[in-house]
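*Asks:* curious how this folds, go ahead:
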Amino acid sequence: MNSNLRRIRPERVVLIALMLAVAIASVAVYRAGARTLTVTFLDVGQGDSALIQAPGGRTLLIDGGGRGSPYTGSSDVGERVIVPAMLVRGATHLDGIIVTHADDDHVNGLDTVVQQVPVAMILDPLLPHPAAPYERLRALAQEREIPIIRARVGQRFNLGRGIAAAVLHPGLVPITGTAADTNNNSVVLRLIYGKVSMLFTGDLETEGQRQLLARGLPLRSTVLKVPHHGGDAEAMPDFIRAVRPQLAIISVGADNPFGHPSPAAVERLRAVGARIERTDLAGAITVASDGATWTVESYRSAARRP
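*Replies:* Prediction:
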């Protein structure tokens, strides 16, 4: 065996393999041309992270945390997964990071992202949360003078080329008194591009979904990032029927101790005719759209091609 090969650290081999796999999945997306919006749901294990790349060059990252991914030799999914995936896809800056809520499995890689990639702003519910990864992120944002904007219903962000992102939740007054206030005040973002829309829901639970339904805002969406990794209680039938997605993305870790996704959640999604894709089975999942049609591809399906 070549002695140089023996000296390569195992974690470096894992990183190289990840970048090659992501590159394979990206080829079809880049061929689509300058009108294509891409959203990549990264495989961060039991957690959430989605990279939005608009055709005009604007980029957003929704969450950036996870644990238990086969690609993470440590808890730093920012270094091991998110930043490499961004660079392979040509995303060298972020126009914004959306922190849906401050739980570790949604933020514990974001401090690394902020240190390695220019970030223009952070959108955050700004609820008190003592967890160390969230505190590190806040401190870094202050140090680097990155503005933190309080997320509230009614905000709208222009991503160019007719693409907009609308904040549907949380409300002007935070939900309190629930078993998981942090989850129930998750930022809910609806991305709209022509006839195609995508709904990102963080870890929104029953109380948050009820408030969202009562607000009467448009929820029907082509793609749904399923709340709370496909937990049973978070897959309210009324909410799923209101969204009625054609494609449901479940960001979840393999062999997680929570039983996610629950069989009940999967069945409710199937009942409305949704195609279901899971990061634990498919790896990183890329949805591409020209505003009229959409396609979905995972790097594992791309890697199997001859």
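*Asks:* tell me where the model's unsure across the stretch 201-306 of the chain.
*Replies:* 301-306 (pLDDT under 70).
*Asks:* ranges for the helices of this protein?
*Replies:* 3-6, 10-31, 77, 83-88, 104-107, 110-116, 132-143, 181-184, 206-215, 237-243, 263-271, 279-282, 299-303 (DSSP state H).
*Asks:* need the contact partners of the third one.
*Replies:* So that's helix 77. 44-45, 47, 49, 64-67, 69, 108-109 (CB atoms under 8 Å, 6 or more residues apart in numbering). Where C-beta positions appear, they are placed from N, C-alpha and C, glycine not excepted.
*Asks:* what's the answer for the fifth one, then?
*Replies:* The set of residues that contact helix 104-107 without belonging to it, under CB under 8 Å, 6+ apart, is 46-48, 63-67, 99-100, 131, 133-134, 137, 202-203.
*Asks:* rewinding a little: need the contacts of helix 77 in a markdown table (columns: distance to Thr295 and pLDDT).
*Replies:* Formatted as a markdown table, these follow (distance: CB to CB, whole Å; pLDDT from 0 to 100):
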| residue | distance to Thr295 | pLDDT |
| --- | --- | --- |
| Val44 | 22 | 94 |
| Gly45 | 25 | 93 |
| Gly47 | 25 | 95 |
| Ser49 | 21 | 98 |
| Gly64 | 25 | 97 |
| Gly65 | 27 | 94 |
| Gly66 | 25 | 92 |
| Arg67 | 30 | 78 |
| Ser69 | 25 | 48 |
| Asn108 | 31 | 95 |
| Gly109 | 27 | 96 |
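*Asks:* rebuild the residues you listed as CSV, extending it with distance to Asn158 and neighbour count.
*Replies:* Shown next, in CSV, are these (distance: CB to CB, whole Å; neighbours: other CB atoms under 10 Å):
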residue, distance to Asn158, neighbour count
Val44, 28, 32
Gly45, 33, 26
Gly47, 28, 30
Ser49, 23, 30
Gly64, 23, 32
Gly65, 27, 27
Gly66, 29, 32
Arg67, 34, 18
Ser69, 33, 22
Asn108, 30, 25
Gly109, 27, 32
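*Asks:* which one of these is nearest Val173?
*Replies:* Of all those, Gly65 has the smallest distance to Val173: 26.6 Å, by CB to CB.
*Asks:* how about that closest one: what's its closest non-neighbour residue?
*Replies:* Sequence neighbours aside, Asn108 is the residue nearest to Gly65 in space, at 4.1 Å (criterion: CB to CB, 6 or more residues apart in numbering).
*Asks:* identify the residues contacting that neighbour.
*Replies:* Neighbours of Asn108 in contact, by CB under 8 Å, 6+ apart: 47, 64-67, 75-78, 133.
*Asks:* now do Leu189
*Replies:* Neighbouring residues of Leu189 by CB under 8 Å, 6+ apart: 62, 98, 100, 165-168, 199-200.
*Asks:* select from the residues you listed the one having the most neighbours.
*Replies:* Note: the member of the contacts of Leu189 with the most neighbours is Thr100, at 31 neighbours, neighbours being other CB atoms under 10 Å.
*Asks:* these two touch, right, that residue and Asn183?
*Replies:* No: between Thr100 and Asn183 there is no contact under CB atoms under 8 Å: 9.1 Å.
*Asks:* count of residues packed around the nearest residue to Leu172 once chain neighbours are set aside?
*Replies:* For Leu172, ignoring the flanking residues on the chain, the nearest one in space by CB to CB, 6+ apart is Arg152 at 5.9 Å. Arg152: 17 surrounding residues under other CB under 10 Å.
*Asks:* and Arg152, what's its pLDDT?
*Replies:* According to the prediction, Arg152 has pLDDT 97.
*Asks:* then Ser75?
*Replies:* In this model, Ser75 is scored at 62, pLDDT.
*Asks:* ditto for the one 5 residues further on
*Replies:* What the model reports as pLDDT for Arg80 is 93.
*Asks:* wait, Leu123 sits on Ala151?
*Replies:* Yes: if you go by CB under 8 Å, Leu123 and Ala151 touch, sitting 4.9 Å apart.
*Asks:* with adjacent residues omitted, what lies nearest to Val114?
*Replies:* Using CB to CB, 6+ apart, the closest residue to Val114 is Leu140 (4.8 Å).
*Asks:* ok, now which ones touch the one you found?
*Replies:* Counting by CB under 8 Å, 6+ apart, the residues that Leu140 touches are 111, 114-115, 146.
*Asks:* next, count neighbours for Ile149.
*Replies:* Neighbour count for Ile149, taken as other CB under 10 Å: 15.
*Asks:* state the distance from it to Gln209.
*Replies:* Noted for Ile149: a distance of 24 Å to Gln209, by CB to CB, to the nearest Å.
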